[in-house]
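Student: When you get a sec, could you give me coordinates for this:
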Amino acid sequence: MTKAQLKQSLALAQYPRSAQYDPEWVMRNLMGPNVLWLTEALTQRMDLKPGMRVLDMGCGKAVSSIFLAKEFSVQVWANDLWIDATQNWSRIQEAGMDERVFPIHAEAHALPYADGFFDAIVSMDAYQYFGTDDLYIGTIARYLKPGGQLGIVVPGLTHELGAQPPEHLQPYWEWDFGCFHSPDWWRMLWQRSGKVRVESADLLPEGWREWLHWLEVCADAYPGAPGQAEMLRIDAGRTLGFSRIVARKS
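Tutor: Sure thing, here's the model as predicted:
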């Protein structure tokens with residue numbers, strides 16, 4: 001696939017900001033689903049203004065952090081456990097965002113930030129790994145200013161499952177898919193804490209199709225793509241998608 005063909009393949013009408021980014025840069029830094037699409041989908045539900053301080057939890061290779069800084073003129077603390085901060089700093093500098101994006105290496109339960117420091121906290125395809133704990137919402141909300149927003153987009157379900165996944169998904173199901181939950185599940189988890197007020201909780205309208213399309217485009221570069229793509233193709237949106245949740249600190 002030529003660069004022009006790749007760019008065309010990654011240009012979705014619903015994500016015009018993402019379509020402006022170098023497709024080869026996006027592919028070089030892939031980690032699971034297309035994080036630019038997820039970030040743009042989340043910001044369509046959030047209220048980000050220039051100069052805000054934003055925590056990007058589980059930022060991976062800081063692609064989402066760079067996007068937020070460029071598109072919304074916010075300051076971003078790019079927090080990740082799996083990716084070294086020095087590696088991210090190199091990417092941030094290459095993107096010309098070294099005055100707006102600050103890489104941090106920290107575990108989600110041991111964050112080095114002051115209470116009430118952030119105007120917004122976001123997380124794309126990461127919060128499910130540490131945030132399903134009943135008590136974690138209290139941990140993360142402490143770092144938000146009163147009235148600050150918390151937003152996530154994560155692999156999710158149309159509805160909660162029983163002890164076993166549906167029969168058509170069983171050949172593809174991995175044990176750690178147990179962290180996938182429906183928007184209603186996330187709404188209940190956050191709302192009952194009293195720490196935040198949930199403003200919206202939904203499935204991305206074409207989330208499963210976008211996930212499948214991304215896997216098909218990057219099949220050669222992403223080892224898990226063939227099996228996951230077949231799973232999504234067979235499921236056809238009956239069970240899997242992306243949960244998008246936005247809340248505001250009470």
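Student: Please, where are all the strands along the chain?
Tutor: For the chain, the strands defined by DSSP state E occupy 53-57, 75-80, 101-105, 118-124, 144-157, 196-203, 240-249.
Student: So which residues make contact with the second one?
Tutor: In this case it means strand 75-80. Residues from elsewhere that reach strand 75-80 (CB atoms under 8 Å, 6 or more residues apart in numbering): 51-60, 62, 65-66, 68-69, 88, 92, 100-106, 111, 113, 118. All C-beta spots, glycine's among them, are computed from the backbone N, C-alpha and C.
Student: related to what we said a few turns ago, can I get the strands of the chain in TSV with distance to residue 1, mean pLDDT and mean neighbour count?
Tutor: Supplementary listing: the strands of the chain in TSV, determined by distance: least, CB to CB, whole Å; pLDDT from 0 to 100; neighbours: other CB atoms under 10 Å:
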stretch	distance to residue 1	mean pLDDT	mean neighbour count
strand 53-57	29	98	25
strand 75-80	29	98	26
strand 101-105	30	98	21
strand 118-124	25	98	26
strand 144-157	26	98	22
strand 196-203	29	98	17
strand 240-249	25	98	24
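Student: Which of those sits closest to residue 211?
Tutor: Set against residue 211 and scored by CB to CB, these come closest in strand 240-249, at 7.0 Å.
Student: For the closest one, what is the distance to the chain centroid?
Tutor: Strand 240-249 has its C-alpha centroid displaced from the chain centroid by 10 Å (CA atoms, centre = their mean, to the nearest Å).
Student: Which secondary structure elements does it sit against?
Tutor: helix 35-43, strand 144-157, helix 183-191, strand 196-203, helix 207-217 (3 or more CB pairs under 8 Å, 6 or more residues apart in numbering; DSSP states H and E).
Student: tilt between it and strand 144-157?
Tutor: Relative orientation of strand 240-249 and strand 144-157, computed by axes from the mean of the first three to the mean of the last three CA atoms, to 10 degrees: 170 degrees.
Student: wait, residue 61 sits on residue 88?
Tutor: Yes - look at residue 61 against residue 88 with CB atoms under 8 Å: they come within range, at 6.5 Å.
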